[in-house]
Structures are given as C-alpha cells and as structure tokens.
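Student: What follows is a predicted structure for the sequence shown.
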Amino acid sequence: MEKVRRALNDSPAMRWAVLVLVGFVLSVNYYFYDAFSTLKDLLLKEFNFTNTDYGLFVSFYSIPNTFLLMAVIGGAILDRFGIRRTGFMFVFFMAFGALLTAYGASDYYSAGGPGYGLMASFLPNYSPELKMMLLGRFFFGLGAETSIVVVSKILVKWFKGKNLALAFGLKVGFGRLGTFAALQVSPVVAGGGPNLTTAVWLAAILVLSGLLAFMVYMLLDAKLDKQVALTTPTAAPEKFSFKDLGVILSNRPFIYIVLLCVTFYSAVFPFVSYAPDFFADKFGFTDVQSGRVTSLLPIGTAFFTPLFGFIIDRYGKSATAMILGSLIVLGVHLTFAYTMVSPYIPVIFLGIAFSLVPAAMWPSMVKLVKDSRIGTAYGIMYSVQNLGLWGIPLLAGIILDKTNPGNPLVADYTMTILMFAGLGLVGLLFSLLLKFEDKKKAFGIELPLNKK
Ligand SMILES: N[C@@H](Cc1c[nH]cn1)C(=O)NCC(=O)O
C-alpha cells in the first residue's frame with residue numbers, strides 16, 4: 001500500500017483553498033442575515049409590516065438556536081456524525097430557509113401561490129407574507145448557526161497549530177464582507193421598491209450557491225479523512241454523552257468565555273441594527289451618511305480581525321486582547337451616550353474591539369476543549385449568544401419606547417446606549433475573571449496558538 005507522507009492539510013495552498021471555500025459559505029450566510037436591514041422601510045411599505053413585525057422577523061433567526069437549543073444539538077450531531085453529513089444537512093436547511101423567505105416575499109405567493117391559503121387561515125393579525133417569511137427565517141437560522149459551528153470545526157481540523165487564529169480571523173473577515181456586500185448591494189438592487197423581491201431572491205440564490213460550495217468542500221474533506229486513515233489508526237467516533245456536556249460546562253474558563261460571548265456580542269450586533277437611526281437622531285445625519293458610518297464597521301473588521309489573529313498565533317495574549325476589546329466597547333458606548341464626539345471616531349474604536357475579541361475568543365477554545373468535543377462547545381457558545389441576539393434588540397426597543405413617550409420623530413437614545421454600556425461592563429468583568437483563572441490554573445490561553 002502506498003504510504004501517504006503528506007496529507008492534504010499539510011499543504012498551505014490546500015488549507016487556504018479550503019478557507020476560501022468555507023469562507024464563501026459564511027459570506028452568503030451573513031449576506032442573507034443582514035440583507036434585510038437596508039430593506040426595512042421597503043418591507044414596511046410593500047407588505048404593511050409594522051416595526052414589531054420587522055423585529056419579529058429579525059429575531060426569529062435566534063428562536064431555534066435559543067429555545068430549541070439547535071446549535072447545541074447541531075454541535076453534538078457534528079461531533080457524533082462528522083463534518084460532511086452534519087454540514088450538508090445544516091447548510092441545506094439554511095438554503096431551504098432562505099428560499100422559503102424569498103418565496104414568501106414573491107408576487108407569485110402573494111397572488112395565492114401554494115401555502116398562501118394555509119397561512120391566511122390562522123392568526124389573522126399577521127399577514128400570510130409575514131408568516132411564510134417567519135417560517136423561512138426560522139429554517140435559515142436553524143441551518144445558519146450550526147453551519148458556522150461546522151465551519152469552525154473545519155478550521156480546527158485543517159489549521160490547528162498552523163495559523164489557527166489567522167484562519168479564524170479570516171473566517172470572521174469573510175462573514176463581515178458578506179455583511180458589507182449586503183448593506184451595499186441590497187438597496188441598489190431593490191431600486192427604492194420596484195425590485196424588492198429581486199433583492200430578496202438574489203440573497204436566497206447566493207445562499208443556494210453556498211450549498212454548492214460546501215459540496216465541493218465535502219470532496220476535499222473525504223480525501224483528507226482517507227489520507228489520515230492510512231497513517232493513523234482511526235478511532236470510532238465518540239458517542240455523545242451528557243457526561244461530556246457536564247465536563248465542558250464545569251470548565252470555568254469556558255463558562256467565562258461563553259458569558260463574555262453573549263454580553264460582548266449583545267453590546268455590538270444589536271447596537272449595529274439601531275446605529276443608523278441613532279446617528280440620524282443624535283447627530284442629524286442623513287440616511288446615506290448614517291449608512292456610510294455604520295458600514296465602516298464590517299469593512300474595517302474584515303481587515304483587522306485577520307491581522308489580530310496573525311498576531312495572536314505568534315505572540316498569544318488572547319485573554320488580554322479580550323480585556324482590551326471589552327474595555328473599548330465600554331468606552332465607546334459611554335462616549336456615544338454622553339458626548340457629541342464625531343461618531344466616526346468611536347466607530348473606528350468599536351471596529352478595533354469588534355476585531356480583537358472575535359480574533360482571540362473563538363480559537364481559544366482549542367486550549368480548553370478536546371477536538372472531538374469542539375462542535376458541542378461551539379454549539380453551546382452560539383446557543384447562549386443567540387439568547388442575547390434575540391432578547392437585547394427587543395429590550396433596546398422597549399427602553400427606546402419608554403424613554404421617548406409619544407414616539408417623537410427624533411428619539412433620545414441615551415438610556416438605550418447606556419444599556420449597551422452596561423453589557424460592555426459585564427463583559428469586561430468576565431474577561432478579567434478569565435485572565436485571573438488562566439493565571440491561577442495555567443490553561444495556556446495567553447500562550448501563542450502556533451506550535452513552536
Ligand atoms: N452567531 C453569529 C451571528 C451572525 C451574525 N451574522 C450572521 N450570523 C455570530 O455572532 N458569529 C460570530 C461573529 O463574530 O460574526
């Protein structure tokens with residue numbers, strides 16, 4: 001038998017090719033996730049959505065992952081059944097959900113297409129269009145979050161000990177490019193209303209092309225597994241057991257990272273969905289100016305996250321990077337709440353924090369959890385994070401309504417922004433606890449990720 005000396009993941013060119021393939025899957029995921037934020041007003045006009053309907057549509061993404069624990073279950077399925085089967089299933093759900101959403105927004109459906117009658121037969125306060133789109137968003141969220149877990153496990157498989165933090169940084173960068181493209185392309189395609197459906201279909205078809213890209217990746221994954229099986233005796237996949245869950249959940253630094261994950265992302269993602277309105281109301285910006293300053297965030301982080309990942313691979317200091325990032329988030333929100341400093345400056349700092357924490361947080365997991373349980377660990381992180389992504393935008397809306405009785409045209413955002421600052425402060429506390437715990441028990445979180 002021919003002995004395989006170099007496996008596919010020993011070739012840097014193959015590793016980067018894999019990163020581009022799975023990065024594309026992530027880009028289309030983020031594109032679809034964010035494509036609707038610039039279409040909000042058009043959805044309100046075209047389908048008579050209220051602001052609450054829109055909020056419901058956005059938060060439906062998180063329902064399967066938070067309340068049905070789908071990301072945890074998906075992560076456990078991933079550890080049990082492997083990357084190819086699990087990845088295909090969840091990327092398929094993501095594409096199915098995207099197509100269902102586009103169908104719900106289509107003229108064909110509105111004219112009484114299949115399913116319209118059924119959707120019109122219950123909950124008459126919600127339109128059949130909204131109900132079909134909610135169902136689509138539900139399946140999209142169910143598939144999208146676990147597919148991010150699958151991509152994370154793919155990166156650990158190909159890059160562990162070989163620029164893993166850089167690979168994670170680039171992974172986040174691909175996601176941010178998807179967000180940036182959505183913010184730029186979606187409103188242009190929609191053309192102010194007449195092509196709204198085309199903009200939604202374009203987003204759905206992009207997600208479908210992500211499924212094709214994943215199928216190409218499956219061929220490479222199968223080849224790598226065959227090569228590894230020739231050189232290393234393969235162990236049978238470990239069965240999922242609740243004992244493993246207990247082991248992961250009793251790991252203190254893991255818990256601190258999960259808690260930082262939910263507080264940090266809750267202080268950033270939901271803020272971003274209110275940011276254009278906040279800039280317009282506090283600084284008198286036009287829609288175009290608000291959009292421009294907001295889109296600095298995804299484009300800046302697309303470059304900075306890989307750069308910080310590159311540094312962390314070589315020099316470590318992940319816990320310190322998380323502390324610094326959390327401190328910056330706190331400072332940025334306090335600046336927004338209490339000063340009139342040009343928003344361009346705090347947004348640039350927010351971009352630095354939004355690059356530092358993800359670049360350090362996601363790859364740190366390999367120091368705490370064994371590879372065969374990494375899917376479960378990321379699944380837990382995403383499920384808990386989704387609780388924040390579901391609840392905090394709703395809480396922000398409630399605070400905004402309560403502090404602005406009578407729904408004035410220009411809202412005072414001070415209390416809402418202070419709520420985000422509070423999340424930043426709690427995140428800072430968890431990042432300090434993480435560093436303290438690492439110092440006490442030497443988990444190696446501060447050490448470089450590249451093997452010497
Ligand atoms: N769980 C995702 C949420 C998301 C945002 N856009 C599409 N999905 C997430 O937070 N990923 C980590 C990140 O840093 O983007």
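Tutor: Cool, got the structure.
Student: Against the ligand, how distant is I348?
Tutor: The gap separating I348 from the ligand is 18 Å, by C-beta to the nearest ligand atom, to the nearest Å. To be clear about C-beta, it is placed using only N, CA and C from the backbone, and glycine gets the same treatment.
Student: What residues does that residue make contact with?
Tutor: L296, G300 (C-beta atoms under 8 Å, 6 or more residues apart in numbering).
Student: what is the rounded mean pLDDT of the helix or strand that contains it?
Tutor: For I348, the host element (DSSP states H and E) is helix 344-364. Helix 344-364 shows a mean pLDDT of 93.
Student: now swap in stretch 396-414 and tell me
Tutor: Average pLDDT, stretch 396-414: 85.
Student: which parts of that stretch are buried?
Tutor: For stretch 396-414, a neighbour-count test (16 or more other C-beta atoms under 10 Å) marks A396, G397, I399, L400, N404, A411, Y413 as buried.
Student: what's the closest residue to the ligand within the stretch 351-452 of the chain in contact with, if anything?
Tutor: Minimum separation of the stretch 351-452 of the chain from the ligand (C-beta to the nearest ligand atom) falls at P358, amounting to 4.2 Å. P358 makes contact with F168, G169, V172, T301, T305, according to C-beta under 8 Å, 6+ apart.
Student: need the buried residues of stretch 396-414 in CSV with distance to the ligand and secondary structure, can you?
Tutor: Shown next, in CSV, are those (distance: C-beta to the nearest ligand atom, whole Å; DSSP: H, G, I helix; E, B strand; the rest coil):
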residue, distance to the ligand, secondary structure
A396, 16, helix
G397, 19, helix
I399, 22, helix
L400, 22, helix
N404, 27, coil
A411, 25, coil
Y413, 22, coil
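Student: Closest one of these to N48?
Tutor: G397 (19.2 Å; C-beta to C-beta).
Student: Please name the residues that touch the closest one.
Tutor: Here G397 is in contact with N51, G55 (C-beta under 8 Å, 6+ apart).
Student: For the helix ranked longest in the chain, list every residue counted as buried.
Tutor: In the chain, with assignment by DSSP state H, the single longest helix is helix 196-231. Residues of helix 196-231 classed as buried by neighbour count (16+ other C-beta under 10 Å): 196-197, 199-204, 206-208, 210-211, 213-214, 217-218, 220-221, 224-225, 227.
Student: Any idea how far stretch 41-50 is from the middle of the chain?
Tutor: From the chain centre to the centre of stretch 41-50 is a distance of 26 Å (C-alpha atoms, centre = their mean, to the nearest Å).
Student: Equivalent analysis for stretch 398-407, please.
Tutor: 29 Å.
Student: what's next to it, contact-wise?
Tutor: Contacts of stretch 398-407 (C-beta under 8 Å, 6+ apart): Y274, A411, D412, Y413, T414, M415, T416, M419.
Student: Extract the C-alpha set from the helix holding I348 and format it as PDB.
Tutor: The C-alpha trace of helix 344-364 is given here as PDB (Å, rounded to 0.1, in the frame of the first residue of the first chain):
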ATOM      1  CA  TYR A 344     -16.600  58.300  13.100                       C
ATOM      2  CA  ILE A 345     -14.100  58.100  15.900                       C
ATOM      3  CA  PRO A 346     -15.900  55.800  18.300                       C
ATOM      4  CA  VAL A 347     -17.000  53.600  15.400                       C
ATOM      5  CA  ILE A 348     -13.300  53.100  14.400                       C
ATOM      6  CA  PHE A 349     -12.600  52.100  18.100                       C
ATOM      7  CA  LEU A 350     -15.600  49.800  18.100                       C
ATOM      8  CA  GLY A 351     -14.200  48.200  14.900                       C
ATOM      9  CA  ILE A 352     -10.900  47.600  16.800                       C
ATOM     10  CA  ALA A 353     -12.800  45.900  19.700                       C
ATOM     11  CA  PHE A 354     -15.000  44.000  17.300                       C
ATOM     12  CA  SER A 355     -11.900  42.600  15.700                       C
ATOM     13  CA  LEU A 356      -9.800  42.000  18.900                       C
ATOM     14  CA  VAL A 357     -12.400  39.900  20.800                       C
ATOM     15  CA  PRO A 358     -13.500  37.600  18.000                       C
ATOM     16  CA  ALA A 359      -9.900  37.000  16.900                       C
ATOM     17  CA  ALA A 360      -9.000  35.900  20.400                       C
ATOM     18  CA  MET A 361     -12.200  34.300  21.700                       C
ATOM     19  CA  TRP A 362     -13.000  31.700  19.000                       C
ATOM     20  CA  PRO A 363      -9.600  30.000  18.600                       C
ATOM     21  CA  SER A 364      -9.000  30.000  22.400                       C
END
